[in-house]
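S.K.: I would like the atomic coordinates for the input below:
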Amino acid sequence: MEEKTTPFFHLQYSDETSADLRGRQSVRTTFKLSERSIDALSILAGQLGIKQKSLFDHLIEDTQALRMIASEFVNVGQAAQRVAKTYVISRKTLESLERVSEQYNTPRDALVEYSIERILPLLVREKEKHSKRKILMEELQDYLQRGTALLAQTEEDLGRDDPLFIEIFNMMRSVNSCCRELEQCLLRGNKIESF
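M.R.: Numbers count the residues shown, from 1 in each chain. From the prediction side, this is the model:
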């Protein structure tokens with residue numbers, strides 16, 4: 001019987017691949033930002049169900065937008081009070097931010113602040129959606145109440161062992177479960193109301 005051998009593959013990583021892997025490494029860095037920007041980033045990440053790191057990386061890795069912000073930056077002084085806030089971001093994002101900051105002689109904090117400002121229209125849209133969700137949730141709760149009443153009527157008229165009762169019961173159990181999950185979603189979104 002012939003013995004099968006597994007060929008050895010020698011994996012070699014190029015410097016480019018290694019640098020890309022190091023670029024994905026998370027680092028902590030602190031920025032001085034307005035409370036409005038800190039809140040906007042936090043609320044939108046929560047509303048979209050993503051990590052702040054992902055949103056932050058998405059904003060800052062857009063080097064074209066960063067360069068545009070840096071080239072149009074005018075130091076308007078310290079009108080708004082700034083708060084030191086530490087974020088976890090990717091090393092690649094931090095390097096990109098520092099490169100643009102140095103190239104255009106623009107403060108990192110300002111680049112971050114104005115990058116976050118770019119998401120405000122999205123936050124406004126999410127706030128409008130949240131208001132609509134609340135209205136639709138009221139309608140869904142009304143639907144649940146009417147379904148529960150129908151279930152009670154079916155039980156009274158046909159009994160618990162009737163196929164129609166069983167199907168309506170299963171349907172209402174699903175609707176009830178859905179309502180509870182949506183209520184939790186709305187609770188998480190309540191932070192957006194005060195923005």
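
S.K.: What pLDDT is listed against residue 67?
M.R.: The per-residue pLDDT reported for residue 67 equals 86.

S.K.: wait, doesn't it sit right on residue 99?
M.R.: No: counting by C-beta atoms under 8 Å, residue 67 does not reach residue 99; the two are 9.8 Å apart. No exception for glycine: its C-beta is placed from N, CA and C like everyone else's.

S.K.: Which one's more surrounded, these two?
M.R.: Ranked by neighbour count (other C-beta atoms under 10 Å), residue 67 and residue 99 place residue 67 first, with 16 against 13.

S.K.: which secondary structure element contains the nearest residue to that one once chain neighbours are set aside?
M.R.: Take residue 67 and drop its neighbours on the chain: the residue closest to it by C-beta to C-beta, 6 or more residues apart in numbering is residue 100, 5.9 Å away. According to DSSP states H and E, residue 100 maps onto helix 91-104.

S.K.: What residues of that helix count as buried?
M.R.: Judged by neighbour count using 16 or more other C-beta atoms under 10 Å, the buried positions of helix 91-104 are 91, 92, 93, 94, 96, 97, 100, 101, 104.

S.K.: Widest-spaced pair of the residues you listed?
M.R.: Spanning the widest gap among the buried residues of helix 91-104 are 91 and 104, at 20.8 Å by C-beta to C-beta.

S.K.: Now the top helix by length along the chain: buried residues?
M.R.: As assigned by DSSP state H, the longest helix anywhere in the chain is helix 120-158. Of the residues in helix 120-158, those buried under the neighbour-count criterion (16+ other C-beta under 10 Å) are 123, 126, 127, 130, 133, 140, 147, 151, 154.

S.K.: How about the third one: what's its closest non-neighbour residue?
M.R.: For residue 127, ignoring the flanking residues on the chain, the nearest one in space by C-beta to C-beta, 6+ apart is residue 192 at 5.0 Å.

S.K.: repeat for the second one
M.R.: With C-beta to C-beta, 6+ apart as the criterion, residue 126 has its nearest non-adjacent residue at 4.8 Å, and that residue is residue 47.

S.K.: these two touch, right, that neighbour and residue 189?
M.R.: Yes: at 5.8 Å, residue 47 and residue 189 qualify as touching, with contact defined as C-beta under 8 Å.

S.K.: hang on, the earlier thing: tell me which strands and helices the helix holding residue 100 is in contact with?
M.R.: Helix 91-104 sits against helix 15-23, strand 26-34, helix 52-60, helix 63-72, helix 108-117, with contacts defined as 3 or more C-beta pairs under 8 Å, 6 or more residues apart in numbering; DSSP states H and E.

S.K.: Just name the most buried of those.
M.R.: Comparing these by mean neighbour count (mean count of other C-beta atoms under 10 Å), helix 108-117 ranks first with a mean of 20.
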